[in-house]
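Asker: Dropping the sequence and predicted coords here.
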Amino acid sequence: MMASLQTTSVLFSSLPKVNASLHIPIPPRVTPKLPTRKLQTQEFNGSLENRNSITTRIYEDLYSPADKSNGATIQLYAILEEVADRIEMHRNIGEQRNNWNTLLLNSINMITLTATAMAGVAAATNGDSTASLLAMKLSSTLLFSAATGMSLIINKLQPSQLAEEQRNATRLFKQLHTEIQTIIALRNPTQEDVKTSMEKVLALDKAYPLPLLGAMLDKFPAKYEPAVWWPSSESKRERSGIRNRSNGWSEDLEMELREVIEVVKKKDLEDYERLGNIALKVNKSLAIAGPLLSGIAAVGSSFVGNGSWAALVPLVAGSLASAVNSFEHGGQVGMVFEMYRNCGGFFTLLEETINATLDEKNMDKRENGEVFEMKVAMKLGRSVSELRRLASKSASRRIEGIAIDEFASKLF
């Protein structure tokens, strides 16, 4: 046994040694790289540019490096913001004053009709009870007196006319807002553009004031006068980016525009002046008649019970007062008068603009003739061919000594 073990050990010792090892690959260490501050800034700027792409297209003058030093552009944008604020102010106040007209009219009519009914009941209960008769008379007199005071206030303020003023101001400020945007989009603004825009804003503020005390327009002027909402030198400062050798002007075009102005003066302006004076007289008469009738009813109601005629006076006067107030403020006669003033101002501005343009001898300083002709035609609700036909008709009628039977405007 021992001999076999020794023999085995000798055999194993005589064999060559084999060295084996197992190599497992170790993965390399991966260290995440954080984005640098420069990369983060670039990504942020890229997302900001994508987010504000629409704003950049609209207000490219503000974001353009070449125009950052253009102070006139920045000033025009500041004026643009103020104009937008005024649009909202006039719209809100116009709605408020329109509500005044409705609420005050309904309140006055309810008070007047209630007082009239109480005067009738007092006359019917004559002789039944002295205490009830006195209470009815006193209540009717107080209600008629309150209606008279409220009528004086509403007739002085003319809420329907105030609301129409705010509606016109809103429309004109919107027009100015678009005009300033067009200036910024079509050319590089100048300080002259800034000055002109500010003058237009101030002229509109003066033509359509917001306060009621001190600055309110006279609701009952001595005579009809068109509204004026533009600075006196506005028409001479109008410019255009379109230029050529004759700048689109010719003798025929100048004669055409002069004939159009003659039609505007002889037909449109005269007609609106006539209608404006009629509306002014009607409004004055109604403004006096309403409080006068309710005042007569207040005095007459205090004599109810002294005879049949005494009961008739408050009933008739109160009913007429309610009818007059309904016609004046329900029919919005003050608004109609303001509408005529605004239309007259529109034609006056058109006349001054055309005259100032034609008086400019330097063709390059005028607005392009073809564009100007198109603008005049659009303002009058006509096509260019219709405007030329109107001028030709006016010239032929004037030579024959016959007054033209056609208005220049088809809009109003």
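Answerer: Alright, I've got the coordinates.
Asker: For the stretch 251-400 of the chain, give me the ranges with low pLDDT.
Answerer: Across the stretch 251-400 of the chain, the ranges flagged by pLDDT under 70 are 306-308.
Asker: What's the mean pLDDT across stretch 144-154?
Answerer: This predicted structure assigns stretch 144-154 an average pLDDT of 94.
Asker: can you dump the C-alpha coordinates of that stretch into CSV?
Answerer: These are the backbone C-alpha positions of stretch 144-154, laid out as CSV (Å, rounded to 0.1, in the frame of the first residue of the first chain):
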residue,chain,number,x,y,z
PHE,A,144,-93.1,115.0,-9.7
SER,A,145,-90.5,117.2,-8.1
ALA,A,146,-88.0,114.4,-8.1
ALA,A,147,-88.7,113.6,-11.8
THR,A,148,-88.2,117.3,-12.6
GLY,A,149,-84.8,117.4,-11.0
MET,A,150,-83.7,114.2,-12.6
SER,A,151,-84.9,115.4,-16.0
LEU,A,152,-82.8,118.6,-15.6
ILE,A,153,-79.7,116.5,-14.9
ILE,A,154,-80.2,114.0,-17.7
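Asker: Buried residues, it. List them.
Answerer: Neighbour counts over stretch 144-154 (16 or more other C-beta atoms under 10 Å) mark 144-148, 150-151, 154 as buried. All C-beta atoms are positioned from the backbone trio N, CA, C, and that covers glycine.
Asker: Same check on stretch 138-145?
Answerer: Residues of stretch 138-145 classed as buried by neighbour count (16+ other C-beta under 10 Å): 139-141, 143-145.
Asker: Now Ser383: phi and psi?
Answerer: With angles defined as degrees, to the nearest 10, Ser383 shows backbone torsions of phi -90, psi 170.
Asker: And for the one 10 residues further on?
Answerer: Main-chain torsions, Lys393, degrees, to the nearest 10: phi -70, psi -40.
Asker: Quick one: residues contacting the closest residue to it other than its chain neighbours.
Answerer: The shortest distance from Lys393 to any non-neighbouring residue, by C-beta to C-beta, 6 or more residues apart in numbering, is to Ile404 (6.5 Å). Counting by C-beta atoms under 8 Å, 6 or more residues apart in numbering, Ile404 makes contact with 263, 266-267, 393-394, 397-398.
Asker: since we're on Asp364, how many residues are nearby?
Answerer: The number of residues packed around Asp364, counting by other C-beta atoms under 10 Å, is 10.
Asker: ok, now Val121?
Answerer: Applying other C-beta under 10 Å, we find 15 other residues in the vicinity of Val121.
Asker: Pull up the gap between it and Met136, please.
Answerer: Val121 sits 6 Å away from Met136, going by C-beta to C-beta, to the nearest Å.
Asker: in what helix or strand does the residue minimising distance to the centre of the chain lie?
Answerer: When C-alpha atoms, centre = their mean is applied to the chain, the residue found nearest the centroid is Thr170 (1.1 Å). Secondary structure assignment for Thr170, by DSSP states H and E: helix 159-186.
Asker: Then Thr112?
Answerer: With elements taken from DSSP H and E, the one containing Thr112 is helix 71-124.
Asker: Any idea how far the next helix or strand after that helix is from the middle of the chain?
Answerer: On the C-terminal side of helix 71-124, the closest following helix or strand by DSSP H and E is helix 130-157. Distance of helix 130-157 from its chain centroid, counting by C-alpha atoms, centre = their mean, to the nearest Å, is 39 Å.
Asker: Remind me what helix 130-157 packs against, helices and strands.
Answerer: Applying 3 or more C-beta pairs under 8 Å, 6 or more residues apart in numbering; DSSP states H and E, we find helix 130-157 packed against helix 71-124, helix 270-301, helix 308-325.
Asker: Swap in 6 Å and give it another go.
Answerer: Contact analysis of helix 130-157 by 3 or more C-beta pairs under 6 Å, 6 or more residues apart in numbering; DSSP states H and E lists helix 71-124, helix 270-301 as its packing neighbours.
Asker: Just send those helices back as a markdown table, with distance to Lys375 too.
Answerer: Putting those into a markdown table (distance: least, C-beta to C-beta, whole Å) gives the following:
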| stretch | distance to Lys375 |
| --- | --- |
| helix 71-124 | 21 |
| helix 270-301 | 21 |
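Asker: Pick the most deeply packed of these.
Answerer: Per-stretch averages of neighbours, counted by mean count of other C-beta atoms under 10 Å, single out helix 270-301 among the helices and strands packed on helix 130-157, with a mean of 20.
Asker: Report the angle between it and helix 159-186.
Answerer: Inter-element angle recorded for helix 270-301 and helix 159-186: 150 degrees (by axes from the mean of the first three to the mean of the last three C-alpha atoms, to 10 degrees).
Asker: contacting residues around Phe303?
Answerer: Neighbouring residues of Phe303 by C-beta atoms under 6 Å, 6 or more residues apart in numbering: Ala310.
Asker: now the residue nearest to the centre of the chain: how far from Ala215?
Answerer: For Thr170 relative to Ala215 (C-beta to C-beta), the value is 18 Å.
Asker: give me the number of residues near the residue nearest to Glu351 when sequence neighbours are not counted?
Answerer: Distances taken as C-beta to C-beta, 6+ apart place Ile261 nearest to Glu351, at 5.5 Å, with adjacent residues excluded. A count of nearby residues for Ile261, using other C-beta under 10 Å, gives 23.
Asker: The one 3 residues further on too?
Answerer: By other C-beta under 10 Å, the residues close to Val264 number 22.
Asker: The residue lying closest to it once chain neighbours are set aside: what's it in contact with?
Answerer: By the measure of C-beta to C-beta, 6+ apart, the closest residue to Val264 outside its immediate chain neighbours is Ala408, 4.6 Å from it. By C-beta under 6 Å, 6+ apart, the contact list for Ala408 reads 263-264, 268, 380.
Asker: tell me which element Ala408 falls in.
Answerer: Secondary structure (DSSP H and E) places Ala408 outside all helices and strands.
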